[in-house]
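Trainee: Below are the sequence and a predicted model; questions follow.
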Amino acid sequence: MALRAGLLPAGFQGADISAETGEIMKSDFRITVFEGDGIGPEIMAPTLDVLKSVQGNGGEYSFSFETAPAGAAHYAKTGESLPSSSLEAARNSDAILLSAMGLPDVRYDDGTEISPQIELRKALNLYAGVRPVTVSPGATSPLTLPEGKKIDLVLIRESTEGLFYTQGRGEVSDAEARETLRITRDVSEKLFDFAFSLAAQRKSDGCSMGTVTCVDKANVFRAFAFFREIFYERAKRFPDIKAEHAYVDATALWMVQKPWEFDVLVTENMFGDILSDLGAGLMGGLGLAPSADIGDEQAVFQPCHGSAPDIAGMGIANPFAMILSAGMMLEWLGHRHENPRMIDDAKRLRTAVDAVLGENRYLTRDLGGNSDTNSCAEAVIAKLVA
Ligand code: ATP
């Protein structure tokens, strides 16, 4: 089976940090693990097993996993959703793996859900939310694609500002409620550079023509006209990549009608939140949708889905989105530390998941099957060690 193209740009940020730090080549990576709430621990444990089986291949790098408490259950017990010691651990680690956090019945006093994953994005400046939308060969999408077309796009969701800027600080009175949408030049420039670098990477991998679409609502809001203006300014730095724009409402329509026409999409936080669930729907469900939230120094890797409390503790959660997110972590670390083995292993891991999904044998209930979490992960491990 052919290896899939990378999901993260090479040479974007920190790619030569070993040169900066004088290290020869870093090979032991400290990973902060947030097991989270609901199905979180159930999908995290087998994912760590998958990673251990990948790293065993050749012994050229290794992971030390350190579990850190956070989340809704932790808040219910202690009154803290993201303890400062956990945030510090995350800040000092090489990468962060997070399963899912939040429980519908555990809320802050203002009625909003506990979501330390959003706090982490802001605290660590993880501005680029990478949401790949790829249908594995053999896997089913609710769309019937025309002959020769495939769904393989990446949505980049800005993840620190936009309409999430006043999250938890919105003003509410009897008569009205207000939230503020904030778009800054600094974050937008980095976001667009990331999107163009990813498109260049995908083009050089031979998996796309190299196009970035800025998704906005510039016809109605000045803030989005500003966003788009910066987009075209940054586009000039990437003359080999085609830059275009689309309104968010039309994009939702076209993602259903002709998703094969998209390559890299880049958008504001709230638009990205909504479109990434649409993307997950195209892939066959949230259980298959991985993600990465990336900043200049740190990155968090977590599935797009929530803690699925309705199936927690039953051992039937779909682990593929978490496993694919761990694969994105491998790729990011590989680029950052110039470790080709890790980049290779990330591709091997994606290929192993594709192979398992393509067989249509190991499917959890959300995918129409009756396999349990562990047997799906074991099937991936079996492919990796074969
Ligand atoms: P959040 O707002 O935190 O993203 P949510 O309210 O969108 O969460 P989820 O927790 O993602 O909700 O769950 C939505 C539905 O998808 C639930 O029925 C849940 O059981 C299902 N689901 C989510 N993730 C998985 C998974 N990994 N495996 C199986 N089913 C899942």
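Mentor: Happy to help now that I have it.
Trainee: Now the phi/psi pair for residue 120, please.
Mentor: phi -60, psi -40 (degrees, to the nearest 10).
Trainee: and the gap between the nearest residue in space to it that is not next to it in sequence and the ligand?
Mentor: Leaving aside its chain neighbours, residue 120 sits nearest to residue 300 (5.8 Å; criterion: CB to CB, 6 or more residues apart in numbering). Bear in mind the C-beta positions are built from the backbone N, C-alpha and C, glycine included. Distance of residue 300 to the ligand, computed by CB to the nearest ligand atom, to the nearest Å: 15 Å.
Trainee: Which residue would be the closest one in the stretch 151-300 of the chain to the ligand?
Mentor: residue 287 (3.8 Å; CB to the nearest ligand atom).
Trainee: List the residues that contact that residue.
Mentor: 303, 305, 317, 318, 320, 321, 364, 366, 367 (CB atoms under 8 Å, 6 or more residues apart in numbering).
Trainee: Spell out which parts of the stretch 251-386 of the chain neighbour the ligand.
Mentor: 286-287, 305-308, 310-311, 317-318, 321, 364, 366 (CB under 6 Å from any ligand atom).
Trainee: got a winner among those for most neighbours?
Mentor: Among these, residue 317 has the most neighbours (other CB atoms under 10 Å), with 31 neighbours.
Trainee: Could I get the full set of strands for the stretch 251-386 of the chain?
Mentor: For the stretch 251-386 of the chain, strands defined by DSSP state E, counting those that start in this stretch occupy the ranges 264-267, 292-294, 299-301.
Trainee: Adding mean neighbour count, write these out as JSON lines.
Mentor: JSON lines is the format used below for the strands of the stretch 251-386 of the chain (neighbours: other CB atoms under 10 Å):
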{"stretch": "strand 264-267", "mean neighbour count": "28"}
{"stretch": "strand 292-294", "mean neighbour count": "26"}
{"stretch": "strand 299-301", "mean neighbour count": "25"}
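Trainee: For these, give me JSON lines that also has mean pLDDT and distance to residue 93.
Mentor: Below are these laid out as JSON lines (pLDDT from 0 to 100; distance: least, CB to CB, whole Å):
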{"stretch": "strand 264-267", "mean pLDDT": "98", "distance to residue 93": "27"}
{"stretch": "strand 292-294", "mean pLDDT": "96", "distance to residue 93": "14"}
{"stretch": "strand 299-301", "mean pLDDT": "97", "distance to residue 93": "10"}
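Trainee: out of the ones you listed, nearest to residue 49?
Mentor: With CB to CB as the measure, strand 299-301 is the member of the strands of the stretch 251-386 of the chain nearest residue 49 (16.1 Å).
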